[in-house]
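Trainee: no sequence on this one, just coordinates:
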């Protein structure tokens, strides 16, 4: 077996994909180079579907330690940014927990969230979507991000977490400021914005938890406050993981709706297919997830030595699993660069896998099923009406503007 100190492997640079609007051709070059690539000091990248799907569930890989990855990528830099509140939050939430702690925290959050994925919630989502789409059709040319992809998940967040209406936009903006913290390198301005957001969110959510402890209502924060009162969660765990739960539900849904709308608007034949065959909305959502994954890269830490393609990675190494690349692997998907809303074989890895499967996946699927079913049923045209604008990030696919003509 080859030790991981060997330097002959091809190299992966996350900044190459951060600056590319469509990074998938670049991913193809990485897949052709082999199943494992150098990505930095003690950091490896895995671009192919077979290995990514297996490693997402491999118990020898543990949760991602953000601070360690920052330090690896910043080796030799003139000045590394000091750890701040945002990075401290990322080190202490469910994403970084292991074993019994992970199971305990996830049980509280998953039970609270899943208990509210009800027909009544779906009916409210249908009402919100109908109103937003009616307004979009009346206006004709809209930015689908500001017209639908952002306001709908914010309304759902308000209902699920019991957030006062006047505070919803502030909470959403602060939560979304955390998105860029999931990239290997964070600029000083993004880090400062995330730090300020975390300070504000901790104060806001802490106060909300105290209010729900005194006067519980039917919302997720009340469930978390109950777990805090019972001693199941510490106060820091309750507050920070509520922030995570809001982030998971909000960011995943916004990205999936925006990315799906962008894809549908660029391929009129697929919009026509969805209108002709509305029953394919489920396969269409899976295809949107595969074609342009909301999260392009996830990371794991090697907890026990593991062999990948004859190369042994030692404990403490970082493994970047290239979800966006795996979803376009020609070894697994037929004609992967083609959007096909009726695709039948689609084992995409966009929600991750194993114990760290995306917490907001179920909610995002309900919201997008409603959104794309109503788009197919009520819009005669849905076509791109200008240039798409996306943030330059390696990990999240953040759409800031998707201009669409809605008929």
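Mentor: Structure received. Fair warning: this is a prediction, and the values are worked out from it, not measured in the lab.
Trainee: Could you point out the helix or strand that follows the helix or strand hosting residue 38?
Mentor: In the assignment (DSSP states H and E), residue 38 maps to strand 37-40. Of the helices and strands lying after strand 37-40 in sequence (DSSP H and E), the nearest is strand 43-46.
Trainee: Now do the following helix or strand past that next one: everything it contacts.
Mentor: Along the chain past strand 43-46, the next helix or strand (assigned with DSSP H and E) turns out to be helix 49-55. Contacts with helix 49-55, where a contact means Cβ atoms under 8 Å, 6 or more residues apart in numbering, come from 35-36, 46, 61, 300, 308-309, 319, 321-323, 325-327, 329, 331-333, 347, 349, 353. Glycine gets a C-beta too; all of them are placed from N, C-alpha and C.
Trainee: If we use 6 Å, what do you get?
Mentor: With Cβ atoms under 6 Å, 6 or more residues apart in numbering as the test, helix 49-55 has contacts from 35, 46, 61, 321, 326, 329, 332, 349.
Trainee: Around the nearest residue to residue 210 once chain neighbours are set aside, how many other residues sit close by?
Mentor: Beyond its immediate neighbours in the sequence, the residue positioned closest to residue 210 (Cβ to Cβ, 6 or more residues apart in numbering) is residue 225, lying 7.8 Å away. Here the count is done by other Cβ atoms under 10 Å, and residue 225 has 24 residues near it.
Trainee: give me the element residue 225 is part of.
Mentor: Once you assign secondary structure using DSSP H and E, residue 225 falls within helix 220-229.
Trainee: Residue 321 now?
Mentor: Using DSSP H and E, residue 321 falls in strand 318-322.
Trainee: from the middle of its chain, how far away would that strand be?
Mentor: 15 Å (Cα atoms, centre = their mean, to the nearest Å).
Trainee: Before we go further, residue 372 is sitting in a helix, right?
Mentor: Yes. Counting by DSSP: H, G, I helix; E, B strand; the rest coil, residue 372 is part of a helix.
Trainee: Now do the contacts for it.
Mentor: For residue 372, the contacting residues are 281, 284, by Cβ under 6 Å, 6+ apart.
Trainee: thinking again about what came up before, what's the helix holding residue 225 packed up against?
Mentor: With contacts defined as 3 or more Cβ pairs under 6 Å, 6 or more residues apart in numbering; DSSP states H and E, helix 220-229 has these neighbours: helix 99-114, helix 151-161, helix 188-214, helix 235-266.
Trainee: residue contacts, residue 302?
Mentor: With contacts defined as Cβ under 6 Å, 6+ apart, the neighbours of residue 302 are 313, 315, 317.
Trainee: Now with 8 Å, please.
Mentor: Contacts of residue 302 were listed using Cβ under 8 Å, 6+ apart, and they are 60, 61, 62, 313, 314, 315, 316, 317, 318, 319.
Trainee: From those residues, which land in strands?
Mentor: Within these, residues falling in strands by DSSP state E are 61, 62, 313, 318, 319.
Trainee: which of those count as buried?
Mentor: Neighbour counting over the ones in strands among the contacts of residue 302 (16 or more other Cβ atoms under 10 Å) leaves 61, 62, 313, 318, 319 as the buried ones.
Trainee: Any chance of CSV for the ones in strands among the contacts of residue 302, columns pLDDT and distance to residue 339?
Mentor: Rendered in CSV, the data for the ones in strands among the contacts of residue 302 read as follows (pLDDT from 0 to 100; distance: Cβ to Cβ, whole Å):
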residue, pLDDT, distance to residue 339
61, 93, 31
62, 88, 35
313, 93, 35
318, 90, 32
319, 93, 29
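Trainee: what about residue 187, how many neighbours?
Mentor: The burial count for residue 187: 11, using other Cβ under 10 Å.
Trainee: Tell me, what's the model's pLDDT at it?
Mentor: According to the per-residue confidence, residue 187 scores 73 in pLDDT.
Trainee: And the nearest residue to it once chain neighbours are set aside, how close does it get to residue 392?
Mentor: Among residues not flanking residue 187 along the chain, residue 180 sits closest, at 7.8 Å (Cβ to Cβ, 6+ apart). Residue 180 sits at a distance of 10 Å from residue 392 (criterion: Cβ to Cβ, to the nearest Å).
Trainee: neighbour-wise, which of those two wins?
Mentor: Neighbour comparison, residue 180 and residue 392: the larger count goes to residue 180, with 23 against 13 (by other Cβ under 10 Å).
Trainee: Now for the more buried one: which residues touch it?
Mentor: Residues counted as contacts of residue 180 (Cβ under 8 Å, 6+ apart) are 186, 187, 190, 194, 391, 393, 396, 398.
Trainee: could you dump those residues to a markdown table with distance to residue 256?
Mentor: Below are these laid out as a markdown table (distance: Cβ to Cβ, whole Å):
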| residue | distance to residue 256 |
| --- | --- |
| 186 | 23 |
| 187 | 25 |
| 190 | 22 |
| 194 | 22 |
| 391 | 16 |
| 393 | 16 |
| 396 | 12 |
| 398 | 12 |
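Trainee: and these, which are buried?
Mentor: With neighbours counted by 16+ other Cβ under 10 Å, the contacts of residue 180 contain buried members at 186, 190, 194, 393, 396, 398.
Trainee: Pick out the lowest-pLDDT one from those residues.
Mentor: Least confident of the buried ones among the contacts of residue 180 in the model: residue 186, at 71.
Trainee: still on that earlier bit, just give me the closest of the buried ones among the contacts of residue 180 to residue 285.
Mentor: The shortest distance between residue 285 and any of these, using Cβ to Cβ, involves residue 396 and amounts to 18.4 Å.
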